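Enquirer: Here is a sequence together with a model predicted from it:
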Amino acid sequence: MVQFAPLYDVILNDANVDLRAEFDDAEKHDLDGPGAAFQKVTFKLKIKSPTPEEQINKLIAHAERGCHAAASLSATVPVSLETRIIQP
């Protein structure tokens, strides 16, 4: 948001995001469950600005398009684990 604000002449007095994820943690405890993946993710964005709402919405759309977190969570992304164990 901060990076793109000047492109849309948006003044940001304050901005914060509250990220909430819903998931079932049954498998974490060796119980049957739907898996460990998030079932829902919600970004709650709060912006304090004197800029007209229309300009702010354009900024939000641009920032959302460029958000790696949102893009990764809404697409199938290969995940790999690389482990290196060093013992004395």
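Expert: Alright, I've got the coordinates.

Enquirer: Now tell me what touches stretch 30-48 from outside.
Expert: Stretch 30-48 is touched from outside by 1, 12-28, 56, 60, 70, 73, with contacts defined as Cβ atoms under 8 Å, 6 or more residues apart in numbering. Where C-beta positions appear, they are placed from N, C-alpha and C, glycine not excepted.

Enquirer: May I see the PyMOL selection of the buried members of those?
Expert: The following PyMOL line selects those of the contacts of stretch 30-48 that are buried, judged by 16 or more other Cβ atoms under 10 Å:
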select buried, resi 1+12+15+23+56+60
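
Enquirer: Tell me which of the contacts of stretch 30-48 fall in helices.
Expert: 56, 60, 70, 73 (DSSP state H).

Enquirer: Any figure for the gap between residue 26 and residue 39?
Expert: Counting by Cβ to Cβ, to the nearest Å, the gap from residue 26 to residue 39 is 12 Å.

Enquirer: One more: residue 80?
Expert: In this structure, residue 80 lies at 23 Å from residue 39, with Cβ to Cβ as the measure.

Enquirer: So for these two, which sits in the more crowded spot?
Expert: Each of residue 80 and residue 39 had its neighbours counted (other Cβ atoms under 10 Å), and the higher figure belongs to residue 39 (10 against 4).

Enquirer: ok, back up a step: for the ones in helices among the contacts of stretch 30-48, give me CSV that also has distance to residue 43 and pLDDT.
Expert: Written out in CSV, the entries for these read as follows (distance: Cβ to Cβ, whole Å; pLDDT from 0 to 100):
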residue, distance to residue 43, pLDDT
56, 15, 95
60, 10, 94
70, 7, 84
73, 10, 83
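
Enquirer: of those, closest to residue 86?
Expert: The shortest gap between residue 86 and any of the ones in helices among the contacts of stretch 30-48 belongs to residue 73, at 32.6 Å (Cβ to Cβ).
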